[in-house]
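Asks: Below is the sequence, then the predicted model.
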Amino acid sequence: GENVEQHPSTLSVQEGDSAVIKCTYSDSASNYFPWYKQELGKRPQLIIDIRSNVGEKKDQRIAVTLNKTAKHFSLHITETQPEDSAVYFCAASTDSSASKIIFGSGTRLSIRP
Amino acid sequence: DVKVTQSSRYLVKRTGEKVFLECVQDMDHENMFWYRQDPGLGLRLIYFSYDVKMKEKGDIPEGYSVSREKKERFSLILESASTNQTSMYLCASSPGTFLLLGTNVLTFGAGSRLTVL
């Protein structure tokens, strides 16, 4: 089955700097890669997702890149702000509507003022 | 607004008890999931269901079973609770329209924190 590895487990960056979180996956059949953000005490929410027919996707300060050959994808947050502090999870699945969604172990991002 | 409601936010049970965790979604979603969240281990899939009475094992199904008799309700059952099942349990649902929308967004419930003594 699919295995998703996520690094680093914790990340601390200065406010205004960029943050990068990396994930690798094992199943070459996976072609849908969402990212979820979980603020303290709240439920995870989708922030961005990408399909394998696209190499990069941006939404304001966040972007995701995908290297399907190497089986890795990354989340990039630019101009970090205090409200970016949260746990971020990457995930992978196939593009079937009845597909498992397998998550990585999470990255706790802290933004230093 | 999609809602996924988990019936219990906090439960305390004793070893060997049978435990039911209930989850209800109100948006006619096809897919429902149960995840377990532990620090440093992320969200681990226990079971998911893509249709009424249909289920598939996730990565850690041992010690758990599920029931989906109605489309809106997905129950997680611990037949005989053990201390290593102390955890946060998250239910989620998704529309199952990936081929139509190109996305398969999970909507999570607020979680059920289970302590087994």
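Replies: Good, I have the coordinates.

Asks: Tell me who's in contact with the residue nearest in space to the middle of chain B.
Replies: Central residue check for chain B by C-alpha atoms, centre = their mean: the C-alpha nearest the mean position is that of B:W34, 2.3 Å away. By C-beta atoms under 8 Å, 6 or more residues apart in numbering or on different chains, the residues touching B:W34 are B:21, B:23, B:45-48, B:58, B:64, B:66, B:74, B:76, B:89-91. For the C-beta atoms, the positions are set from N, CA and C on the backbone; glycine is no exception.

Asks: Considering only the residues you listed, which also neighbour chain A?
Replies: Filtering the contacts of B:W34 for neighbours of chain A using C-beta under 8 Å from any C-beta of the partner chain leaves B:45, B:48, B:58, B:90.

Asks: Save those residues as CSV, and put in pLDDT too.
Replies: CSV is the format used below for these (pLDDT from 0 to 100):
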residue, pLDDT
B:L45, 95
B:F48, 93
B:G58, 93
B:L90, 98
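
Asks: With chain B in mind, check whether stretch A:6-21 reaches it.
Replies: Yes - part of stretch A:6-21 sits near chain B under the criterion C-beta under 8 Å from any C-beta, namely A:6, A:9.

Asks: That stretch - what's its average pLDDT?
Replies: Mean pLDDT, computed over stretch A:6-21, is 97.

Asks: Quick check: buried residues in that stretch?
Replies: By neighbour count on 16 or more other C-beta atoms under 10 Å in any protein chain shown, the buried set for stretch A:6-21 is A:6, A:11, A:13, A:19-21.

Asks: Only the C-alpha atoms, please, for it, written as CSV.
Replies: The C-alpha trace of stretch A:6-21 is given here as CSV (Å, rounded to 0.1, in the frame of the first residue of the first chain):
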residue,chain,number,x,y,z
GLN,A,6,7.1,13.9,5.6
HIS,A,7,10.0,16.0,6.7
PRO,A,8,10.8,17.9,8.8
SER,A,9,8.7,17.0,11.8
THR,A,10,9.2,20.5,13.3
LEU,A,11,10.2,23.7,11.6
SER,A,12,10.7,27.2,13.0
VAL,A,13,11.1,30.2,10.8
GLN,A,14,11.4,33.9,11.2
GLU,A,15,8.3,35.9,10.3
GLY,A,16,8.6,37.0,6.7
ASP,A,17,10.9,34.2,5.7
SER,A,18,9.9,31.2,3.6
ALA,A,19,9.1,27.6,4.8
VAL,A,20,9.4,24.4,2.9
ILE,A,21,7.9,21.0,3.8
